[in-house]
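Chemist: Give me the fold of what follows.
(chains A, B, C, D, E, F and G, ligands or ions: 2)
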Amino acid sequence: MSWVLALPLVIPFLTAVLAFLTRQSPLGRWISVVGSAVLLAASIVLMNVVLRDGVIAGQMGGWSAPFGITLVADLLSAVMVVITAIVALAVSIYAIADVDEGMERLGYHALFNMLIAGVVGAFITGDLFNLYVWFEVMLIASFGLLVLGGRPEQIDGGVKYVALNLVSTIMFLTGIGLLYGMTGTLNMADLASAVDNADQRILTLVAVLFMIAFGVKAAVFPLFFWLPASYHTPAFAVSAVFAGLLTKVGVYALLRIFTLIFDHDTAFTHTILLWVAGLTMVVGVLGAAAQSDMRKILSFHIVSQIGYMIMGLALLTPLAIVGAVFYLVHHIVVKANLFLIAGVAQRIAGGTKLSRIGGLYKSAPLLAVLFVVPAFSLAGFPPLSGFWAKFLLVKAALDVQGWIIAGIALVVGLLTIYSMTKIWAQAFWEPHPDGIEPKLSNLSSRNRAAMLVPISGLAALTVIIGVMPEPFVRFAEASAAQLLDPTPYIEAVLGVQP
Amino acid sequence: MNSVILRVGTRYLAGLLLVFSFYMMLRGHNEPGGGFIGGLTGATGFVLYAIACGTHDARAALRVLPQTIAIWGLGIALTAGLFAALFGDDLFTGQWLFIGATEDDKGLPLSSVLVFDIGVYLVVFGSILTIVFAMEEEI
Amino acid sequence: MAGGFPKEVRGNGLTGIVPVLFAAGLFAYFVSLVPNISSNEVLRWNSAWVPSLGIDLAFLVDGLSLTFALLISGIGTLVLLYSNTYLAGHPQYARFALFLTAFMVSMLGLVLADDLILLFVFWELTTITSYMLIGFSHEGEKSRRNALQALFVTGAGGLAFLAGLILLATFAGTTSISGILTMGDELRAHALYLPILILLLAGTLTKSAQVPFHFWLPNAMAAPTPVSAFLHSATMVKAGIYVMARVHPAMSGTDVWLWTLTILGALTAVFSSLLALRQTDLKQALAYTTLMALGTLTLFLGQESGYAMTAFATFLVVHSLYKASLFLVVGCIDTATGTRETDQLGGLGRLMPITAVAAALAALSMAGFPPFLGFIGKELKYAGAIAVASEPVLVAGAALLSNALMLAVAGVVAFRPFWRGSVPSTQSPQEAPWQMWLGPILLAGLGALFGIYPDLLQVALIAPTVISLTGEVGEVKELKLWAGINVPLMLSIATFVLGLLIYAGHVRLRAFLGRAFAVLPDLDLGWDRFLDGLKAFAKWQTRIVQNGKLSSYLFATFLTIAAGLLLTLVYTGLPTIAVDLSDVEWKHASIALLTIAGAVLALFTNSRIAGIAALGVVGIGIALIFIVFSAPDVAITQLLVETLIVVLVAVVMLRLPSLPKAEFRLSHALLSVAVGASVSLILIAVVSSPLDMRLTDYFEATSWPEAFGRNIVNVILVDFRALDTFGEIAVVVIAALSAYALLRTTRKGGSS
Amino acid sequence: MNAFGLNIILAIAWVAFTGSVSLTGLITGFVIGYGALWLIQPLIGTSTYFRRVTAWIKLIVMFHYELIVSSLEVAMDVLTPKHRARPAIIEVPLDVKSDTGILLVTNLISLTPGTLSIDVSEDRKTLVVHAMFADDPEALRKSLKAGMERWVIDAVEGR
Amino acid sequence: MEVLFAITIGVLVAASVYLMLSNHLLRFIFGLVLISNAANLTIFVAGRLTDGAPPLIPEGADAPLGDVANALPQALVLTAIVIGFGLFAFAIVLVFRAWTTLNSLTPDDMRLAEPEEAQK
Amino acid sequence: MSDLIAGSLIILGGLFAVIGALGLVRMPDVLIRMHASTKIGTLSTGLILAGCAVVFATPEIIIRVIAIVLFILLTAPIGAHMMGRSVLSTGVPLWKNEDIEPETVEKALRDEHGAPKPDDAT
Amino acid sequence: MDGFLNLSLEIGFICVVLSVVLAFVRMVKGPSLQDRVVALDFMTVAIVAFCGLAAVRYGTSAFLDVALVLALVGFLATVALARFAERNTFRTRKEADDE
Ligand code: NA
Ligand code: NA
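Modeler: Ligands and ions are numbered 1, 2, ... in the order given. Okay, the predicted model is just below:
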C-alpha cells in the first residue's frame, strides 16, 4: 500500500537524477517525457486505489504514525497528484519545443522534475514539517527555473519572487515551530486532535500565521505581489507549470489545514478568509484589466481565480468545498494551457505584448480554437469546466445568503470575460501590426507537434470536464466530504482509535 | 591566491579535512556527526583548496564535476530508500546486516541507513562545491 | 459590400450548402411536431446530465417553445441560404457558417430547454456565438469594440441571470422548469421572489436590449446583414422575451411584475420608435424598430389577460416575419447600391422588382395595414391594452404612438428607396439573385398569408402558445381580420392617420428629434466612458498595489503579518503567559545579549564587513545556545554553515558595491518591532504550558533497540524522518544546480 | 625510511599479543616497540629515525616554552597602561626548504607571541615577520634562525 | 529560560524585518540570514530547553540515562539550517546576478519586469 | 589532585583569554592586536582543553583534545598570516611607532598594491 | 566534582564570555576590515574554549566534537575575508586604472 503512495514521489526524483546525468544529450528530454508519463501512470494507480479503498496512508521508514512520516492520500491528494502528472506530462512534451539546449545543459529537466516531485510531495504528505520540506523543494526548484536563461527581466522578477517567497517560508517554519511547541506533534492527523488540548487563543494566532504563510504561496490579497512581478518572465514551459501548479499548492495547504487542524474558530478564521477571497478576486481581476501583455494578464488572473478557491474554503459548506476542489482542478488545467498557448503566440507572432501581435485568428485558426476553450472556460462560459466551478461556488454563496461574495464572484467573472476578450480581440482578431501572418506552419513540424499536442490535450480535458461534469462533481463531493469530516483521514493515518 | 604558506597549509588541511569528514560521517549514527556534518566538512577542505590554489586545481583534484557528485548522492540516498522494497518494507525502512553478530555484541553493522548517510554526504559535498567553484570562477 | 452582387453566384460549395440543409432539416422536424402541439400535447425528452446537482438534459416542446423553434429554424434556413450568396467566396465563410449554425442550435436549445441550468448554458452559448458573429469583420476596430460591448452588456446581464436562476433553483429545490412553473403561488409569496425577479430581469432586459440597455444593439449591426437579420431582430434579442414568457406562469400576477414590465416595455417601445425615426441608415432604423417590438412584447408580458397573451404570441410571429424580411432586403439594397443611407437611395423598385415586392409586403405588415398579419397583431395589441391594463390609457397611448411611428419608419425603410425619386447616377443596381430574394419574399409572403388565413396560425401556434402562457384553453383569443367596429379599430385608424402624418413630416421631425435627443445622455458614449473609467481605475489600483517596488511589497507583507497577528490578539485576548526567569543563569543571559548585540550591530552598521562579522556574532551566539542547551550536532552544523555563509558573501562581495548609508525610517522601525514583538509574545505563550513529549519519548526508547543508533538526532534524521532528510538534500542539490545555472548564464548574456 | 613503519607494525603486534584493541594499547605498543628498535638500532641502521624523533621532541618542548614565555611578555604589555612595544616588520632569510618545514617555521613563529609571519616570498627564500619587540632587528633575526628554524630543520629535514 | 530566548528571537526578527525593508539587497540578505536563524531558534526553543544533556545514548544502555534534551526539534532545526543554507546560497548568487545584469542593488530601481507606466 | 590541576589550567586559560581579548581592544594597531588575539587566544584555548583532558583522563578524550589543539595550531597561524598580508597590501594605517622598512613592504606586496584603505570604504 | 573545579569552571566561563564581549567591542569599533575579522576569529577560538568548558561542566565529550570541527574549519572565514580584502583593493585599483 505504501508504495502506491511513495512511487509518485520517487518517480520524478529518479527522473530528475537520470535527466541530469544525460543533460548533455537529447536523451535528457525524452527521459523527462517518459518519466512524466510513468508518473501519470503511477498517479492513476494511486487514484484507483484511493477510489477503491478510501483514504490510504503509508508509514515511511516503517515507523508508525505519529512517530515517523506518513504519506496520505485522500481523494483531494490523489486528484492533485493526477493533475500534477498531467500538467507535468504536457509541459515536458511542450518543453521539447520551448526549452533550448542551453537551458537543458544547465539542468532544466532535472529542475523541472524536482519541482514536480516537490509538488507531489506537498500533496501527499501527512506531516507538517515534511510539508515544509516539500514546499522548499518546490520553491528552490522554482527559483532555478524562474531565472534559467538569465535575461535581465528574469533576474528582476526573480528578485521579487525570491524575496517574498522567502518571507513566507520563514513564516511557515516559525508556525511549525510554534505548533510543535503547543502540541508536541507534527503529524497532521495527530494534530487534528492534539490542538484541542492547546490554548485556543494561541491556536488562533498560529492559525493566522499559517494563513499568511500559505497566503503568500497561494498569492492572495495582499500577499500576491511576487506573482505578477515574475510569472511573465521565464520560459513559457516554466511559467505554464508555475501558473498551473505552484499557487495551487498553497491553496491545497490552506484547504488541508483549515479543515483538518484549524477548525476551532471558523467564525473568525474563515471570515478573514472570506474577506481575503473577495479582495483577491477583485484586486486580481482589476490588475489584469490594467495589463496589456498576454502573460501579465494571465498572471493577474491567477491571483483573481485563487480568490474563488479561497472563497470556497471560507464558506466551508459542503457545496462550497466541492466548488473549491472543482475549481482547483479546473484551474490548473486551464491556466497551464493558457500559458502554453501564449508561448505559441510568442513563437509565431513575435511576442506577448498585445499591441505588438495580432492576426492569429485569421492565420492560425487552430490556435484560436485552442485558445478559446481555456479562455472562455476561465471566464466561466458554459459548457466549459470553468462554468461549473463558478456555478458551484456562486450557488454555495447564495445558499448561505452570501450576497456580497456571490456578487463579487459574478462581477469578477464578468471582468474576466473582459480580459479574455481583450486578448482575443488584440492578439487574435486585430491584424498584426507588422502585417505578418503568424501561421502555425512557421513552426518546425517537430515543434508544432510538441506544442500543439499538449495544448490540445489540455483543451480536450477542459471540454470533457465541461460537457461531462458529473463524474468530476461527484468526485469533488466525495472529496469535500472527506475534508469536512476528516475522521477517515485520521483513522487511515493513526489507525482506528478505540 | 599566491601565498606559499596558505598553499602548503592547504596541502595538509585539505587531506585532513577530507579524512576527518569521513570520520564524522561514519560515526554519526552514534556520536555527533553524520552525513551533513561530514559533507560540510569535506566540502570545506575543497573550498580551502580552491581558495589557495584556484578552482582549476581544485577541480582537477576532484576529477568529477561536483554537480555530478551531488546528483549521484541524491541517487544513492534514493536507492537506499528504495532498497527496502526488496524486503517488502516501506520506503526508507532501514535494512540492517550485522556481520559477526553474537549474543551480546551486534558486530559490524552494515545498513541502508549508512548508505543513505553516504548519499547525504555526497549531496552536501557536491552541492557546496558546485556553488563555490562556480562563484569563484564567475567573480 | 459595395460593388454589387457577385457576377456568378457560386456560393461556398459544401460549406455553404450543408448548413442550409441542416437548418432546413431542423425546420422540417419542428414542422412535423406542429400537429402534436396544436392538439395541446407537450413533448418532453429527459436525460440525466449532472445528477449530483440535479441538473438534467431536459427538453420540452410546447406551444411557446415550438413557436420560437419554428421561427428560429425557419428564418435560420433562409438566412443561411441568403448568406451563402451574400458572402460568396468569403475566405472565412466556413467559420461564419459554423458560428451561425452554432448560434441557431444554441438558440433552439435555449427555447427547448426544460432545465434552468441547461437553459443558461444555451443562453451563454448564444452570447458567445453572437460575439463571434458581431466581430466577424474583426479587422475593423469598430467591429471589435461593438462585439465586446454586446458581449459585455449581455454577459453582465447573463451573470445576474445566473444568480437569479440559482436562487430560483434554490427556492424550488429543483432546476426543472416545468417543475418550477407549478410552484407559482409559493414563489410569488416567497422572500426570494423579488431578488429572483430583479436578477432574471437584469438578464432578459440586457439580452433583449431594452431601455436603458438598448445601446449595444445598434452597434451590433457591425455584423454582416444576415447576422443582424437573424440575431438582432428575429431570434437572439427575443431570448430575453422568451424567458420572460417562460416564467410568466410562475412569476406574473404581482404588482412588481406588472409595473416593471409595463413601464419598461412602454418606455422602450416609445423611446426606440422615436430613435428609429431619427436614423438615416436603414439597418439602424430597423434595429430601433426591433427595440420597439421588444418593448411592446415586454409590455404585453406584464399582463395576464388572454388578450394580452394572444397579442403577444401574434405580434411575436408577425414581427419576426417582417423584420427578418426587411433586414434581408436592406442587405440586398446595400449590396446592390453600396449604401444604406435613406437620403441617397431611390427608384430601386424598377431595377429590383422582386426585392421591392418583398419589401412592400413586409412594410405593409409592419405598418399594420390589412389584410396583413401585422394588422391583426396591432388590433390585438389595442384589445389587449384596453382589456386589462390597470392604466389602459397609458398602455394604449404608448401602443398608439409607437405603432404610428412604426408605420412612418416602414415607409422610410421599405417604401422610399424603391418608389421615391430616381437612382443616383453613379450606381447601376440590379436585381438580387434568387438565393437572396427568396427569404424576404417568403417571409413577407407568410405575413400576408397568415393575415388572410389567420386560423392557420391560430390553431397551429398561437393557441398552444397562449396555453403555455396561461395554462388555460379559454384564455385564447381569436385572430380576426375583421372584429367589427370597436375601440381597437378606431385606434387603428388613428394610427394610420398619425403614422402618415409623421411619415410626411419625417425629415423635419428627424431634425427636431436630433436636437431633442442631444439632451439625453448618450449611453453609447457612456459605455466608452465606463470602459475608460474601468481601465483607469484598474490602472490606478494596480499602480498602487503592484507598483513594481519590492520595498512596498515587503512592507505590505510584513504589515499583513503584524496586523494579522495583532488584530487576532485583540480578538482572542491575551493568552495565558507564564514568565519564569528564575532558571536563567548569567551565562544564558550573556549569550542572549551577545546574540542581540550582533543583531543590533548588523542593523546599524554601514560597513559590509561589520555586517558580515555581526552575522558571524549572531551565528556564534546561536551556536552557543545550541551548545549550552545540548545540541552538539546542531551547533556543529550551525558553525559550519555560518562559516560557509561568510565565505560565500566574501566571494560575492568582491563584485558588489559598498553599502549606502541607511536612513532611519520610523514606519519601518515600528513595523519591525510589531512583528518581532508578536512573534516573541506567541512563543512565550506557547512555552508557558507543558509540552507533550510522546514523540521524543518514543525516539528515546526505540533509537538504540530498533534503529541501532546512539545519536538520537542522527537516527531521527536518517531513519525516523529520513524522508525529510531526503527532501532536504534534494533542496541542497537543487539550490546548487539553480545557483550554478544562474551563474553560468552570465557569460552568454542569457539565452532563449 | 621504514623505521617508522616498523615501529607501527610492532605496535600492532603488541595489540595483538595483549588482545585489547584500544588506543592505550596501541600507544603502549608503540612506545615499547620504539624502545625495542632503539635497542636493536645497530642491527637495522635506523639512526636518523631516532635522531629525528629526538629533534621532534625538542621542537615540541621548545615551542611550548617559547609560547608561554613570550605570551607572558605580550600579556605584560597588554596589562600595563603604557605600550612598550617597538613593532617592526623585518625580513628573515629562510634556509628551510621543504613545504612542511616552511609551514612549521612560519606557523611556529606566528604562534609564539611577539612574532608574526606575514608572508613567504614566492622564491621561498625570505620570510616577512612582524615583530612586536624589535628594538634590535638583527638580534631578533638571529634568534629566529638559531631557534625555531634550526629546530624545525632538525626535526623535519633531518639535518 | 525559554522566555529569555523568546525575547531574543523577537529582537532578531525585528532587526531582520527592518533590514529586509531597507531597499538594499545586501541588507536584505543580512536580514534573511538573521530571520532564518530566528526561525530555527524558534523551533528549538518551542521544543523546550535542557541544559547540558545531549540526546545521546551511552554505550551499554538502551536509552538515554536521565532527562536529555528533546532530540526532535534538534533534528528539525538541523534540517532547517541546511535548507536555509540552500536558500541563502541561491539568494546570494541572485543578488550577485542582479548587480551584474541590472547594475543595481536597490530593488526599487529594478523596473524591467514591471516597467513604470508612462506618467501621463 | 587532578581536579586541582584541571581547575588551575582552566582558570589560567580563562585569564589568558581575557588578556588576549584585552589586547585586542587595547593594542594600538591591527598587527599588534593580532599578536595578542591569535596567540594568547590559542594558548588560552590550549590550557582550557588541557584542563578538560585532565578531568576526563581517558585516552579517547586526550587524543581528541590533542587533535583539537593541533588543528588550532595548524590553522590559526595560517589565518593570521592571511590577515597580516592583507593588512599590508590594503595599506591599513598602522601605529605611529611602527617601524616599517618601505622596501620590505614592497616585497610583501607582490601583486596587490593598495591605496590606504581605512575600512572597506563604506 | 569538587568545589574548586566548579569554581574554576565558573571563572573559566566568565572569562571566556568576557573575552568574547571584549572582542565584540573591537568588532564594533573596527576601524579596519582586518580589525573586525580578527575579532571574529578570536571569537571562534573562544568558542572552542567554551566547548571545552562545557564538556567538563556537563561531563559529556560530545561538545568536544563541536570544538574539533570548529578548530579545523573556523579559520576558513578568516582566510576568505582576508582574501576579499586583498583582492578588493587590487580590483578597486585596477578598475581605477582602466578608467
Ligand atoms: Na481539529
Ligand atoms: Na494586437
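Chemist: Worst mean pLDDT across the helices and strands of the chain, which element?
Modeler: Assuming you mean chain A. helix A:101-105 (a mean of 90; mean pLDDT, DSSP states H and E).
Chemist: look at chain F instead
Modeler: For chain F, using mean pLDDT, DSSP H and E, the weakest element among its helices and strands is helix F:102-108, scoring a mean of 52.
Chemist: Distance check, the closest residue to C:L581 other than its chain neighbours against C:I577.
Modeler: Distance criterion Cβ to Cβ, 6 or more residues apart in numbering or on different chains; nearest residue to C:L581, sequence neighbours excluded, is E:V3 at 6.1 Å. All C-beta spots, glycine's among them, are computed from the backbone N, C-alpha and C. Using Cβ to Cβ, to the nearest Å, E:V3 is found at 9 Å from C:I577.
Chemist: how about residue 8, what does it touch?
Modeler: Picking chain A for this. For A:P8, the contact set (Cβ atoms under 8 Å, 6 or more residues apart in numbering or on different chains) comprises A:39, A:42-43, A:46, A:81, A:85, A:120, A:124.
Chemist: Sorry, I should have been clearer: chain F.
Modeler: F:S8 makes contact with F:51, G:8 under the criterion Cβ under 8 Å, 6+ apart.
Chemist: To which secondary structure element type does it belong?
Modeler: helix (DSSP: H, G, I helix; E, B strand; the rest coil).
Chemist: give me the low-pLDDT residue ranges for chain G?
Modeler: For chain G, applying pLDDT under 70 flags the ranges G:1-2, G:90-99.
Chemist: Would you confirm that D:H130 belongs to a helix?
Modeler: No: per three-state DSSP, D:H130 lies outside any helix segment and is strand.
Chemist: Any figure for the gap between it and chain C?
Modeler: Using Cβ to the nearest Cβ, to the nearest Å, we find D:H130 at a distance of 21 Å from chain C.
Chemist: ok, what's across the strand from that residue?
Modeler: Beta-bridge pairing of D:H130 under DSSP bridges involves D:I89, D:L116.
Chemist: what does C:F59 give?
Modeler: Taking DSSP bridges as the rule, C:F59 bridges to C:W45, C:A113.
Chemist: what's the pLDDT at it?
Modeler: For C:F59, the model assigns a pLDDT of 96.
Chemist: and C:S305, backbone torsions?
Modeler: Here the main-chain torsion angles of C:S305 (degrees, to the nearest 10) amount to phi -70, psi 160.
Chemist: how much space between F:A50 and F:S8?
Modeler: Relative to F:S8, and taking Cβ to Cβ, F:A50 is found at 10 Å.
Chemist: Assess the claim that G:S61 and F:F56 are in contact.
Modeler: Yes: between G:S61 and F:F56 there is a contact at 6.8 Å, judged by Cβ atoms under 8 Å.
Chemist: and the residue of chain B nearest chain E?
Modeler: Of all residues in chain B, the one sitting closest to chain E is B:I131 (5.1 Å; Cβ to the nearest Cβ).
Chemist: which residue packs closest to C:A102, ignoring adjacent ones?
Modeler: Residue nearest to C:A102 in three dimensions, not counting chain neighbours: C:T129, with 5.0 Å by Cβ to Cβ, 6+ apart.
Chemist: and that neighbour, what does it touch?
Modeler: C:99-100, C:102-103, C:106.
Chemist: repeat that with 7 Å
Modeler: When contacts are counted by Cβ atoms under 7 Å, 6 or more residues apart in numbering or on different chains, C:T129 touches C:99, C:102-103, C:106.
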